[in-house]
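J.: Predicted model follows, preceded by the sequence.
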Amino acid sequence: MTHVMLAIATAAAIAGGGALAFAPATVSPAYTQAAYMGEEAQIAPRRVVIGLDLSKSNPLISEPDFASKVAARVAGIVRGLGFASEVHVRTFGSYDASANNFHYDAVISVHERPEVVANDVGRLIAGTPVLVQHGRWQAQNWTNILAFLDNMSQSIGCSGMPTLVVLASDGIEDSEYARLDDPRDHLPAPEGRPFAGCAELEILGIGQGTRSPSKTVRLRDEWARWAQEAGFARFSGLNDW
């Protein structure tokens, strides 16, 4: 089972007992409704795409208390999912597939219950600083948020069910597209509406580490504009909660 593999991989990495394993995308969209038990069967399925920003500017990779706070919020989202909902976890930072080849994919079912998937995903996020410290994940010099979102729109997308994209990120794009640490720079307008039909983009930790309320507001405004132009129905950028 994918959640078991994730738990084993995380435990082994935190304990220093070997390289971080990668859970294969073995889930199938086909499920028998009659097999569902409990109130989860009555909740409409949703898709949650979780992006973990491993760039060096992001406190997620170095501050255990903050990582635990993000983990608790994301786990709460997953815990509320109904059967047939999808959960996808990816890392990003540098535009380098070899630096970000971790992937986790699950579909909520009687065999992948929401509370179990939530606990495993929460444990993974909370353990991010340790995974980076032990070299299981690489702290990265660039922050390719736009490129990551583009890849997700192509590989996962928003069709079939309401889709929430959650980024555990400071929101400071640092790539060939923009250098948002520079107050004179701005996010470029998206080409078309690649996320038309997506329910929400949520950034957890926007402006974290800058210690600047004004910079946080500017970053939130930049991403709110971009998200609307890209087709997201809603945007939420939280510095703290």
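T.: Sure, I can see it. What you see is a predicted model, and the numbers here were worked out from it, not measured in a lab.
J.: what kind of secondary structure is G160 in?
T.: coil (DSSP: H, G, I helix; E, B strand; the rest coil).
J.: what about it, how many neighbours?
T.: 12 (other CB atoms under 10 Å). C-beta here means a position set from N, CA and C on the backbone, and glycine is covered the same way.
J.: Now it. Nearest residue, chain neighbours left out?
T.: Leaving aside its sequence neighbours, G160 sits nearest to R47 (CB to CB, 6 or more residues apart in numbering; 7.5 Å).
J.: you'd agree the one you found is up against V166?
T.: No - using CB atoms under 8 Å as the test, R47 is too far from V166 to be in contact (11.1 Å).
J.: element containing V70?
T.: helix 64-79 (DSSP states H and E).
J.: Check which residues of that helix are buried.
T.: 64, 66-71, 73-75, 77-79 (16 or more other CB atoms under 10 Å).
J.: Kindly report the same for stretch 225-234.
T.: W226, A227, E229, A230, G231, F232, A233.
J.: so after the helix holding V70, what's the next helix or strand?
T.: strand 86-92.
J.: what mean pLDDT does that following strand have?
T.: Averaged over strand 86-92, pLDDT sits at 98.
J.: Can you give the strand pairings for the next helix or strand after it, parallel or anti for each?
T.: Using DSSP H and E, the helix or strand that directly follows strand 86-92 along the chain is strand 103-107. Using DSSP bridges, strand 103-107 pairs in its sheet with strand 86-92 (antiparallel).
J.: before we move on, the earlier item: quick one, the helix holding V70 and strand 86-92 angle?
T.: 150 degrees (axes from the mean of the first three to the mean of the last three CA atoms, to 10 degrees).
J.: starting at the chain centroid, how far to helix 64-79?
T.: Its chain's C-alpha centre and that of helix 64-79 lie 11 Å apart, by CA atoms, centre = their mean, to the nearest Å.
J.: Check which helices and strands that helix is in contact with.
T.: Packing partners of helix 64-79 (3 or more CB pairs under 8 Å, 6 or more residues apart in numbering; DSSP states H and E): strand 47-53, helix 114-126, helix 128-133, strand 163-168, strand 200-204.
J.: Pipe these into TSV and attach distance to K215, mean pLDDT and mean neighbour count per row.
T.: Converted to TSV, those look like this (distance: least, CB to CB, whole Å; pLDDT from 0 to 100; neighbours: other CB atoms under 10 Å):
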stretch	distance to K215	mean pLDDT	mean neighbour count
strand 47-53	17	98	24
helix 114-126	24	98	22
helix 128-133	23	98	21
strand 163-168	17	98	24
strand 200-204	14	98	24
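J.: For S94, find the nearest of these.
T.: Nearest of the helices and strands packed on helix 64-79 to S94, taken as CB to CB: strand 47-53 at 11.0 Å.
J.: what distance separates the closest one from the centre of its chain?
T.: Using CA atoms, centre = their mean, the offset of strand 47-53 from its chain centre is 2 Å.
J.: repeat for stretch 163-175
T.: 8 Å.
J.: and the end-to-end length of it?
T.: 26 Å (CA to CA, to the nearest Å).
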